[in-house]
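In: Dropping the sequence and predicted coords here.
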Amino acid sequence: MTDFEAWSATLAADVKAQGALVVGPNVCPHRLAEPCPCKKPNVLLYERAAQHHLASADCFVIGDSPDDVRATRNLGARGCLVRTGWATDPLVVETAKPDAAVIVDNFVVAVDWVLCSNDGPKLRFSPVLQHFSPLAGDMAG
């Protein structure tokens, strides 16, 4: 088992213990192939996840690239751009803005956005969200 698979299994078990479900991982096996139907902004991997009786409109995707949030929009789900990885570059953030439902500074704020969304699960409110704007845009973390 690879480190990623082990991490994914541990994450899924931890989340399941809290009453939620992680579907996946759905990973592109073509890594460097061009063109590839798995690569975002294509939605093949998301459609595979949807086979688990998920409605796209009820799904959230958290990512750090314009292709992450563009794929989410193409799918009909809600995408959150996190200013980590690729999105530490302000030009990347600008490119992603049209497709992101929200842009946040870190993963914790992204998870709070999902949990506190108007039509998502109402599990808790984090003080971090005192800076939350319900409009698509930036959030301070």
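Out: Nice, I can see it. Residues are numbered from 1 along each chain as shown.

In: From now on I want contacts and neighbour counts done on CA atoms only, so please keep to that.
Out: OK.

In: Just give me how far the helix or strand of the chain with the lowest mean pLDDT sits from the chain centre.
Out: Ranked by mean pLDDT, DSSP states H and E, the weakest helix or strand in the chain is helix 44-50, scoring a mean of 81. Computed by Cα atoms, centre = their mean, to the nearest Å, the chain-centroid distance of helix 44-50 equals 13 Å.

In: Please identify the buried residues of the helix or strand hosting residue 68?
Out: Assessed by DSSP states H and E, residue 68 sits inside helix 66-75. Residues 66-73, 75 are the ones in helix 66-75 that count as buried (16 or more other Cα atoms under 10 Å).

In: which of the residues in the longest helix along the chain are buried?
Out: Longest helix in the chain by number of residues (criterion: DSSP state H): helix 3-17. Within helix 3-17, the residues scored as buried using 16+ other Cα under 10 Å are 8, 12.

In: Which residues does it contact?
Out: If you take Cα atoms under 8 Å, 6 or more residues apart in numbering as the criterion, helix 3-17 is touched by 21-22, 25.

In: likewise stretch 21-28?
Out: 5, 8, 11-12, 15-16, 38-39, 45-46, 48-49, 52.

In: ok, now with 10 Å
Out: Contact partners of stretch 21-28, identified using Cα atoms under 10 Å, 6 or more residues apart in numbering, comprise 4-5, 8-9, 11-16, 36-40, 44-52, 54.
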